[in-house]
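Participant: Test case, fold it:
(4 chains)
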There are 4 protein chains.
Amino acid sequence: MRIGVIGGSSCSGADAALARETGRVIALQKHILISGGMGGVMEEACKGAFESGGITVGILPGEDEKGSNKYLTAALPTGIGAARNIFVVKASDALIAIGGWYGTLSEMAFALNIGRPVVGLNTWKCSINGRDAELITAVSAAEAVEKAVKAASALRRYDL
Amino acid sequence: MRIGVIGGSSCSGADAALARETGRVIALQKHILISGGMGGVMEEACKGAFESGGITVGILPGEDEKGSNKYLTAALPTGIGAARNIFVVKASDALIAIGGWYGTLSEMAFALNIGRPVVGLNTWKCSINGRDAELITAVSAAEAVEKAVKAASALRRYDL
Amino acid sequence: MRIGVIGGSSCSGADAALARETGRVIALQKHILISGGMGGVMEEACKGAFESGGITVGILPGEDEKGSNKYLTAALPTGIGAARNIFVVKASDALIAIGGWYGTLSEMAFALNIGRPVVGLNTWKCSINGRDAELITAVSAAEAVEKAVKAASALRRYDL
Amino acid sequence: MRIGVIGGSSCSGADAALARETGRVIALQKHILISGGMGGVMEEACKGAFESGGITVGILPGEDEKGSNKYLTAALPTGIGAARNIFVVKASDALIAIGGWYGTLSEMAFALNIGRPVVGLNTWKCSINGRDAELITAVSAAEAVEKAVKAASALRRYDL
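Facilitator: From the prediction side, this is the model:
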């Protein structure tokens, strides 16, 4: 399965540790880690997965690898800047959001919009007219991955 | 100037009235109305602008005009589905969000992510770790358009 | 109907005259002119249409109008550079190619790939293993527009 | 380095053999194979690389893996159909085109448009006003990969 990890290109030490552990769990369970391929939460998640022998894909904003992290099995330039967030979501069966700012919020919202499950760890809360966005919440990396995989499995309409 | 109006493809009567009036004000001030070109808030805003002699552009999700509203000066198919939301934002100098659901939230977040001002009318509230997203709020169509134009004017880094 | 006019951002005097006249004919027949919105063939076609009272849409490569021509009813930034060529094609019911270079060839090929008719005026010739690409050829602006409209009409699978 | 292999989703036996060998050479030289991830030339190239222990990335047209080939290290859905060809090109430092039809031509043209080297094996020939497109030609898989890597190396403006 492909699990996307989204979050800020800079992050707190707590979010860094969560991202690193999330990447590690994703790799140990033989899932592929999808991310935006840059620094912060993206880098920590990739490092955790890469150092555990996992496959990591970075869907990059630029025309080349400049600024991408060093823990990518495949670093894929798109040349479309922040619009590449769309493809991080499209490439993921489920997403785990850790902290982040507007870029992360745009990925969370786009994922919800196209029906991809989103598990939130210490991230955005959104509501409209008293109704909350349907975020799955978790308090640990292990719980986040478990819930992401479970939610994506329930949705799969095709056989591999 | 190009003002994007974003919101649900179905909406409440209150949001419909707000959208219609917002489109009307945009047209009367000779701005171009950008939208996703479909029903609900998009249709009401386009109707308000179109019937006031304004120019309306619909950036459509499908391969053709199917499902688009009847008040578009230019109906532009993209064939990329919900991902076209990115281009509704890119084509707008500022955006006015009215009600809506996840698609609208994704447009609001993407706009904030790339620095396009967003004025909210009866729409999403988002916060992370107690910090709110920088939405401009308004209580009327006239106030929303005035604030959107003012915010976009302050940002323009180029001459026409 | 939406007719796309594609060609180089700089062009010969002969191509400029053809583009200008093509835009004029499109406008006089009340069709909408779609283009990449920049200079050369794009600008000449837009000028011909705009000065004849037509509606012209420019789907721009940049984040703003910088470098776009002055004859656009709607100038729409995309921020994705040359990749915006895809959307010039998607937004057009048929395309007319005048001269051009690689960008134009990419639009011609993408249009053929998704089944949009392409009329060529003094432009690329392509073949593989002795088989030619299915380009419609014309020798004048009037003939090009007539053939583009006819080909697109034959394809329309929907009612407006 | 990332080498894109582009060609038809169905192909002749000769093109299949060329694609298979091209993938094998790419993998043996430790390059990453980028493709559209579907059948025909894409599948043969991926099979050649995958069975030689290489890393293969498929940038898919659909919302999920349906129809993708079985030799992908990472199968990445985009949900934008043929428009995903743009990202096959953007993700590749150089491309090798084998046979193909309009989709392949659009990738070749887009690559030339943004300055990515294209090596052609038994594929399109294009010219305008007697001037040929700047395709690098090769007569074998080994020669194609060698020329693709050499051309891309000459262009790299960044350090990994």
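Participant: Name the nearest residue to the residue in chain A that chain C sits nearest to, ignoring sequence neighbours.
Facilitator: For chain A, the residue closest to chain C is residue A:80, as judged by CB to the nearest CB, at 4.6 Å. For the C-beta atoms, the positions are set from N, CA and C on the backbone; glycine is no exception. Distance criterion CB to CB, 6 or more residues apart in numbering or on different chains; nearest residue to residue A:80, sequence neighbours excluded, is residue C:80 at 4.6 Å.
Participant: okay, the one you found: pLDDT?
Facilitator: The confidence metric pLDDT takes the value 96 at residue C:80.
Participant: Report the contact partners of the spatially closest residue to residue A:114 that is not a sequence neighbour.
Facilitator: Nearest-residue entry for residue A:114: residue B:82, 5.6 Å, with adjacent residues in sequence omitted and distances by CB to CB, 6+ apart. Residues in contact with residue B:82, defined by CB atoms under 8 Å, 6 or more residues apart in numbering or on different chains, are A:110, A:113, A:114, B:61, B:103, B:106.
Participant: Tabulate those residues (a markdown table), appending distance to residue A:14 and secondary structure.
Facilitator: A markdown table is the format used below for these (distance: CB to CB, whole Å; DSSP: H, G, I helix; E, B strand; the rest coil):
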| residue | distance to residue A:14 | secondary structure |
| --- | --- | --- |
| A:110 | 26 | helix |
| A:113 | 29 | helix |
| A:114 | 30 | coil |
| B:61 | 39 | coil |
| B:103 | 32 | helix |
| B:106 | 27 | helix |
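Participant: between those, which is closest to residue B:13?
Facilitator: When the contacts of residue B:82 are compared for distance to residue B:13 (CB to CB), residue B:103 wins out at 20.2 Å.
Participant: Pull up the per-residue confidence for the nearest residue to residue A:28 once chain neighbours are set aside.
Facilitator: Excluding the flanking residues, the one nearest residue A:28 by CB to CB, 6+ apart is residue A:52, at 5.6 Å. At residue A:52 the predicted local distance difference test score is 98.
Participant: Residue A:52: what secondary structure?
Facilitator: coil (DSSP: H, G, I helix; E, B strand; the rest coil).
Participant: List the residues that contact it.
Facilitator: The contact partners of residue A:52, taken as CB under 8 Å, 6+ apart, are A:23, A:24, A:27, A:28.
Participant: Go through these and flag which are in helices.
Facilitator: Among these, the subset assigned to helices under DSSP state H consists of A:23, A:24, A:27, A:28.
Participant: So which residue of chain A lies furthest out from the middle?
Facilitator: Computed with CA atoms, centre = their mean, the maximum C-alpha offset from the centroid of chain A is found at residue A:129, amounting to 27.9 Å.
Participant: For that residue, give me the backbone phi and psi.
Facilitator: Main-chain torsions, residue A:129, degrees, to the nearest 10: phi 50, psi 40.
Participant: Report how many residues lie close to the closest residue to it other than its chain neighbours.
Facilitator: Residue nearest to residue A:129 in three dimensions, not counting chain neighbours: residue B:122, with 7.5 Å by CB to CB, 6+ apart. Using other CB atoms under 10 Å in any protein chain shown, residue B:122 has 19 neighbouring residues.
Participant: you'd agree residue B:122 is up against residue B:15?
Facilitator: Yes: in this structure, residue B:122 sits in contact with residue B:15. The criterion is CB atoms under 8 Å, and the distance is 6.4 Å.
Participant: Filter the contacts of residue A:52 down to the buried ones, ChimeraX style.
Facilitator: Selecting only the buried entries of the contacts of residue A:52 in ChimeraX, with 16 or more other CB atoms under 10 Å in any protein chain shown as the criterion:
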select /A:23,24,27
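Participant: a markdown table please, covering the contacts of residue A:52 and showing distance to residue A:42.
Facilitator: Converted to a markdown table, the contacts of residue A:52 look like this (distance: CB to CB, whole Å):
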| residue | distance to residue A:42 |
| --- | --- |
| A:23 | 10 |
| A:24 | 15 |
| A:27 | 15 |
| A:28 | 19 |
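Participant: How about the residues of chain A by chain C?
Facilitator: By the criterion of CB under 8 Å from any CB of the partner chain, the positions of chain A lying close to chain C are A:79, A:80, A:81, A:83.
Participant: Between those, which sits nearest residue D:92?
Facilitator: Taking CB to CB as the measure, residue D:92 lies nearest residue A:79 of these, at 11.7 Å.
Participant: excluding its backbone neighbours, what's nearest that closest one?
Facilitator: Nearest to residue A:79 is residue A:63, by CB to CB, 6+ apart, at 4.4 Å.
Participant: contacting residues for that neighbour?
Facilitator: The contact partners of residue A:63, by CB under 8 Å, 6+ apart, come to A:77, A:79, D:90.
Participant: Which of these are buried, as a PyMOL select command?
Facilitator: Entered in PyMOL, the line below selects the buried ones among the contacts of residue A:63, by 16+ other CB under 10 Å:
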select buried, (chain A and resi 77+79) or (chain D and resi 90)
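Participant: Looking at the contacts of residue A:63, which are in strands?
Facilitator: Residues from those lying in strands, with DSSP state E as the criterion: residue A:77.
Participant: Tabulate the contacts of residue A:63 in TSV, adding columns for distance to residue A:35.
Facilitator: Formatted as TSV, the contacts of residue A:63 follow (distance: CB to CB, whole Å):
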residue	distance to residue A:35
A:77	14
A:79	18
D:90	17
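Participant: Residue A:131: how many residues sit nearby?
Facilitator: If you count neighbours by other CB under 10 Å, residue A:131 ends up with 10.
Participant: For it, list the residues it contacts.
Facilitator: The contact partners of residue A:131, by CB under 8 Å, 6+ apart, come to none.
Participant: Ramachandran angles for it?
Facilitator: Per degrees, to the nearest 10, the backbone of residue A:131 is at phi -100, psi 130.
Participant: And it, how close does it get to residue B:108?
Facilitator: Residue A:131 is 16 Å from residue B:108, where distance means CB to CB, to the nearest Å.
Participant: And the contacts of residue B:82, which is closest to chain D?
Facilitator: For chain D, the nearest member of the contacts of residue B:82 is residue A:114. The distance, counting by CB to the nearest CB, is 7.7 Å.
Participant: show me the contacts for the closest one.
Facilitator: Contacts of residue A:114 by CB under 8 Å, 6+ apart are A:89, A:90, B:81, B:82, D:79.
Participant: could you redo the last one with a cut-off of 10 Å?
Facilitator: A:86, A:89, A:90, B:81, B:82, B:83, B:102, B:103, B:106, D:63, D:79 (CB atoms under 10 Å, 6 or more residues apart in numbering or on different chains).
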